[in-house]
Each structure stands twice: as structure tokens, then as C-alpha cells.
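Engineer: For reference, the sequence and a predicted model appear below.
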Amino acid sequence: MSIGMRTRTGTGANGIRGRLAALVGGALLVAAALTGCASDSSPVQPSTATQLQSGVLSVTEAAAAGDYPGASAALDAVQADLLTAAATGQVTGTRATEIQAAIDSVTADLAALEEAARLSSAPPSAVPVPAPSVDSGNDKGNGKKDKCNPKKDNCDG
């Protein structure tokens, strides 16, 4: 590796894409948890499932566009909708817990993506370079000072 080259460890474009794929996978898990809700005895009422799926789609689209704050806000809205639905009996307690676990996972993925994007766009930090030492010309590198010869060295004796 040449001097001045930096290696990337998952914070570059490929690392972010991989994390984005994980995020989208997590969002799809949330959406999958909401499917199959066509009857009144299902764990999620159909209108609630549609509302939550729409919110998950908003999260996925924002994250895919690199809008992590927007994705986080959309995910917060999904969570609020879930809490309301659970409180009104539109989602069973068991299903609400499963969906909440998926939301928590996606929240963690989004936080990691935001941090990776922040780090990859930050300018590299400056590495301090030591100032060159001033050589008086009276040191031969052996750690001892040479005797001054006022006629040759222009010194005070």
C-alpha cells in the first residue's frame, strides 16, 4: 500500500449498500409480518395492515434514496401507528410484539447506516507532522556536541 492511501472497512459505498440491503430486508420482514390479514380473526385488521405496510414502504423508499433521517421519521410513524393499533385492538399483543421487534431491528440498521454515511462523507482528519529539527551543525549524530572552533564555525568559543 502506498503512503497516503486509506483502506475502507465497510464504510464506503459497498458497505453502505450492504447495510441498505439489510435494512430493506428488515423492512420487508415488518411488511411480511403484516400480510395474511384478510379475516376478522387475524392478528392484524386489514385496514391496519394496509396502513402499516404503506408506512414500511415509505421507510424503504427513503432509505434507498439515502434519506436516513426521513427513513427514521417514517419508521417512527409506523411505530406510532402500531402503538395506536395495538391500543385499539386492531393488532393482537403477540403480533404487535413481533412487529415491534422488526421495527427495533430496522431502527438499529438505520442508525448504523446514518453513522456509516456520516463517516464516509467526513473529511479525513489531519495527521500532525512533526516540525523538522534545527541543526546547528555542531552535532555529528553521536549525541555529543563538537567543540566550537570560532575561526571555522562562526561560534562564540
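Structural biologist: Noted; the coordinates are in hand.
Engineer: any idea how far Ser42 is from Ala74?
Structural biologist: Ala74 is 24 Å from Ser42, where distance means C-beta to C-beta, to the nearest Å. C-beta: built from backbone N, CA, C; applies to glycine.
Engineer: Who has more neighbours out of the two?
Structural biologist: Neighbours per residue (other C-beta atoms under 10 Å) separate Ala74 from Ser42, with Ala74 holding more: 23 against 17.
Engineer: And that one, how far from Leu119?
Structural biologist: 23 Å.
Engineer: same thing with Leu83?
Structural biologist: 33 Å.
Engineer: now do Ala62
Structural biologist: Counting by C-beta to C-beta, the separation of Ala62 from Leu119 is 20 Å.
Engineer: Compare these two and say which is more crowded by neighbours.
Structural biologist: Taking other C-beta under 10 Å, Ala62 and Leu119 do not tie; Ala62 has more neighbours (19 against 14).
Engineer: give me every residue that touches the more buried one.
Structural biologist: If you count contacts by C-beta atoms under 8 Å, 6 or more residues apart in numbering, Ala62 has them with 68, 70-71, 73-74.
Engineer: Okay, and which of the residues you listed map to helices?
Structural biologist: Among the contacts of Ala62, the members falling in helices (DSSP state H) are 68, 70-71, 73-74.
Engineer: pLDDT below threshold where in the chain?
Structural biologist: Residues of the chain that meet the criterion pLDDT under 70 lie in 1-41, 124-150, 152-157.
Engineer: all strands for it, in order.
Structural biologist: Using DSSP state E, no strands are assigned anywhere in the chain.
Engineer: just checking, what packs against whichever helix in the chain runs longest?
Structural biologist: For the chain, the helix that runs over the most residues, judged by DSSP H, is helix 93-121. When contacts are defined as 3 or more C-beta pairs under 8 Å, 6 or more residues apart in numbering; DSSP states H and E, helix 93-121 sits against helix 13-34, helix 46-64, helix 68-87.
Engineer: Brilliant, that's me finished.
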